[in-house]
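In: Okay, predicted coordinates and the sequence, questions at the end:
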Amino acid sequence: MAKNESTQPEIARPYANGVVWRRLSPLATVLVLILVWHWITDWQLVSRILIPPPAQVLQSLAKALADGTLAKHAGTTLGEMMLGLPLGVSIGLAIGYAIAKAPLLEYILSPIIVAFQSTPIVAYAPLLIIIFGTGPSSKVVTTAVIVFFPTLVNTIVGIRGVSPRLRDLMRSLNASRWQIFRKLELPSALPVILAGLKTSATLAVIGAVVGEFVGSGSGLGVLVISARSQYDTPLVYVTVLTMTAIALSLYSLVALVEWRVLVWQRRST
């Protein structure tokens, strides 16, 4: 009995260390990148006009936060994303489910969807500006368009991946369409759908910023253009890093939802 008690910490310690390392590894990666960035600028391997030192970028960040510039533009972009993301995801889920259940609908809509998706967003963003104006509506639509396709594809793959035998079994038990959807199709397709939602969450930043590049009075895209025109490279880096932080935050939020929702999947493995 004493032998078992003495070996228990030895078994648990590697697992605990592995968990700690997995949690700290992203922070370690960021620190390494900052050190490499500092060395590149300190040794003047690249002109500081192109790559400013981290301390200079930090000073620009503090200034942008102090005068409210960053909060103003980031708030505009985030607001456009928070409207466009659920809009595009909702449409993608609805059409994706319809296509997965009706193959004929796929033959009808696929040419239009693929043609629209294969065109770069910068090509039709000006058209959306013309149609919806330079206000936030055009950026919301641009965001919705760019997040639509990943959600659509993953929804189709997820629903079609449901076991036909299980579906037939539920039908033999006189389950309604709603019961089949709620108890079989949705749980089975949810891992794939959430994976698509992760992609959509990161693409939402691109959609909003591209719309702002084409025409807008506020937003991170406008701030980038303004800083670039003034040759304020540190502010450009601050803006880009802010976009990255927003995208990572949305991705982490979806990952957290995935972790909470798919508890049953972890328990079964």
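Out: Received, thanks.
In: Using the three-state scheme, assign residue 236.
Out: Assigned by DSSP: H, G, I helix; E, B strand; the rest coil, the conformation of residue 236 is helix.
In: How about the contacts made by it?
Out: With contact set as Cβ atoms under 8 Å, 6 or more residues apart in numbering, residue 236 has these partners: 224, 227, 228. Glycine gets a C-beta too; all of them are placed from N, C-alpha and C.
In: how about the nearest residue to it, chain neighbours excluded?
Out: Distance criterion Cβ to Cβ, 6 or more residues apart in numbering; nearest residue to residue 236, sequence neighbours excluded, is residue 227 at 4.7 Å.
In: quick one: buried residues of the helix or strand where the one you found lies?
Out: Taking DSSP states H and E as the criterion, residue 227 maps to helix 220-229. Burial within helix 220-229, assessed by neighbour count using 16 or more other Cβ atoms under 10 Å, is assigned to 220, 221, 222, 223, 224, 225, 227.
In: Surely residue 132 and residue 138 touch.
Out: Yes: checked against Cβ atoms under 8 Å, the pair residue 132 and residue 138 is within contact range at 3.9 Å.
In: more neighbours, those two?
Out: residue 138 (24 against 16; other Cβ atoms under 10 Å).
In: How far does the helix or strand in which residue 77 is found sit from its chain's centre?
Out: Here residue 77 is covered by helix 69-101, with elements defined by DSSP H and E. In this view, helix 69-101 has its centroid 10 Å away from the chain centroid, taken as Cα atoms, centre = their mean, to the nearest Å.
In: Buried residues, that helix. List them.
Out: In helix 69-101, counting by 16+ other Cβ under 10 Å, buried: 69-70, 73-74, 76-81, 83-85, 87-89, 91-93, 95-97, 99-100.
In: Downstream of that helix, the next helix or strand is which one?
Out: Immediately after helix 69-101, counting by DSSP H and E, sits helix 103-118.
In: Contacts for that following helix next, please.
Out: Looking at what lies outside helix 103-118 - Cβ under 8 Å, 6+ apart - the contacts are 95, 98, 99, 124, 145, 149, 152, 156.
In: need those in CSV with pLDDT and distance to residue 169, can you?
Out: Output for those, formatted as CSV (pLDDT from 0 to 100; distance: Cβ to Cβ, whole Å):
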residue, pLDDT, distance to residue 169
95, 94, 28
98, 93, 24
99, 93, 24
124, 79, 45
145, 91, 39
149, 91, 33
152, 93, 28
156, 93, 23
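In: ok, residue 164 - how many residues close by?
Out: For residue 164, using other Cβ under 10 Å, the count is 8.
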